[in-house]
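[1] after the sequence you'll find the predicted model.
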Amino acid sequence: MLWDHAQVSVLIANIGELVTNAPVDAVSVASPGPYAAMSDAAIVLDDGKVAWTGSAARAPAADSCVDAEGRAVLPGFVDSHAHLVFAGERGAEFAARMAGLPYTAGGIRSTVAATRAASDDQLRANLARLATEMLTQGTTTFECKSGYGLTVVDEARSVALAAEVTSEVTYLGAHVVPPEFADDVAGYVDLVCGQMLAACAPGARWVDVFCERGAFGADEARAILRAGESAGLQARVHANQLGPGPGVQVAIEAEAASADHCTFLTDADVDALAESGGTVATLLPGVEFSTRQPYPDARRLLSAGVTVAIATDCNPGSCFTSSMPLCIALAVREMHMTTEEAVWAATAGGAHALRRTDIGHLGTGARADLIMLDAPSSAYLAYRPGVPQIAGVWRAGERVA
Ligand code: NIG
Ligand code: FE
């Protein structure tokens, strides 16, 4: 049906470098594989999916054709960690950090106050602005957490608003203990595991806990993840961000999809991640940039055989960037990743961290989520930091930017 845009097949021809994260010419690909790229390539998108990839010289015909003129094409970025449901901003807190103050979990409470005071439409407008920002920078899938409401009503509305913009919604009632429960932490944990969970679980896929000094301890985190699991949610954990601690071990015990931050890891943490078989280490280099903390060494994790993802952690406190290209550049320069490892971590790695097999790669049958760069190779994402290079974005086969 020619009038149904999604049914029109598209050939992107003359691609200088096509990053697929999939074996060349495989008939169908069930999940993201190791980093893989080919030069002088073409790709056909049909019915929202990748229908064919291969050498430009052998490209089949399609209903329409885009000439990439030698540019690079890669899977859309998968940003597996973001906190986008909030009101207000904390620019002064960032400036104070750059003048020497440390980052502390306490700043979260000022965003909680602003978020509670905001209308649904104010929160929705902020979310829409950030979602558009992400899309135009090449992010075709993003996760979004609640966590700035911290009452039953405000968490439920955060989850509902997040579900309007993504299917990867995370219930983070356990972000910090809100001020009204300062003297009754156990009471707050009960609320998070009880009434608040019941209100949030239907709209969410994931449950997350900030397991850190100043937020929630190991036993509290375990209880919250267990309760979430009983309500049908899968675990992910904010772990080892501000210092060494039990977060990574708690994540692995809970068979979490991902332990996020991983800034302060012991050798035992690294070994446990390598042996976990299913818990990804999600690195958030924008946080180290924005808090002036030391960058974790991705090479240490990769050498041990840990699956590494890169995400933004976009939030008004510890890191207010929505830019996956910036995070790739920082991961390469500051975390000792190769350009290929960082591109993989920002695409296939993010898909693993969200337990998704349909995204993060451009194998035949994958969702046709992809980016064209105004550059001949994906290495330019780190090679030209800070320069806008996204020349086109397709989501489910539709050109959206
Ligand atoms: O991932 N660490 C906890 N949560 C966020 C920060 C939120 C904030 O500072 O507002 C993070 O860094
Ligand atoms: Fe976070």
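    Structure received. Predicted model only: the values in this text are computed from it and were never measured. Numbers count the residues shown, from 1 in each chain. Ligands and ions are numbered 1, 2, ... in the order given.
[2] find the closest residue to ligand 1 in this structure.
    residue 317 (2.2 Å; CB to the nearest ligand atom). The way it works is simple: take the backbone N, C-alpha and C, and place the C-beta from them, glycine included.
[3] that residue and residue 91 touch, don't they?
    No. Look at residue 317 against residue 91 with CB atoms under 8 Å: they stay out of range, at 10.6 Å.
[4] which one of the two is surrounded by more residues?
    Just comparing residue 317 and residue 91: by other CB atoms under 10 Å the higher neighbour count belongs to residue 317, 25 against 9.
[5] mean confidence (pLDDT) on the biggest helix by length in the chain, please.
    Under DSSP state H, the helix in the chain containing the largest number of residues is helix 120-136. In this model, helix 120-136 has a mean pLDDT of 98.
[6] parallel or antiparallel, list what pairs with the helix or strand following that helix.
    As assigned by DSSP states H and E, the chain's next helix or strand after helix 120-136 is strand 139-145. Partners of strand 139-145 in the sheet, by DSSP bridges, are strand 77-79 (parallel), strand 168-174 (parallel).
[7] now residue 101: how far from residue 292?
    Separation of residue 101 from residue 292 (CB to CB, to the nearest Å): 10 Å.
[8] same check on residue 68?
    39 Å.
[9] can you pull the residues of the stretch 201-350 of the chain lying near ligand 1?
    Residues of the stretch 201-350 of the chain lying close to ligand 1 by CB under 6 Å from any ligand atom are 210, 238, 241, 287, 313, 315, 316, 317, 318.
[10] am I right that the residue of the chain closest to ligand 1 is in a helix?
    No. Under DSSP: H, G, I helix; E, B strand; the rest coil, residue 317 sits outside any helix and is assigned coil.
[11] so for it, what's the nearest residue that isn't a sequence neighbour?
    Once flanking residues are discounted, residue 317 sits nearest to residue 107: 4.7 Å by CB to CB, 6 or more residues apart in numbering.
[12] kindly report the same for residue 239.
    residue 247 (2.7 Å).
[13] burial of the one you found, as a residue count?
    Neighbour tally, residue 247, other CB under 10 Å: 31.
[14] which one of residue 68 and residue 292 has more residues nearby?
    Shown here are residue 68 and residue 292; by other CB under 10 Å, residue 68 has more neighbours (23 against 12).
[15] could you pull up phi and psi at the residue nearest to that one when sequence neighbours are not counted?
    In this structure, residue 68 finds its nearest non-sequential neighbour in residue 15, 4.5 Å apart by CB to CB, 6+ apart. When quoted as degrees, to the nearest 10, the phi and psi of residue 15 stand at phi -90, psi 130.
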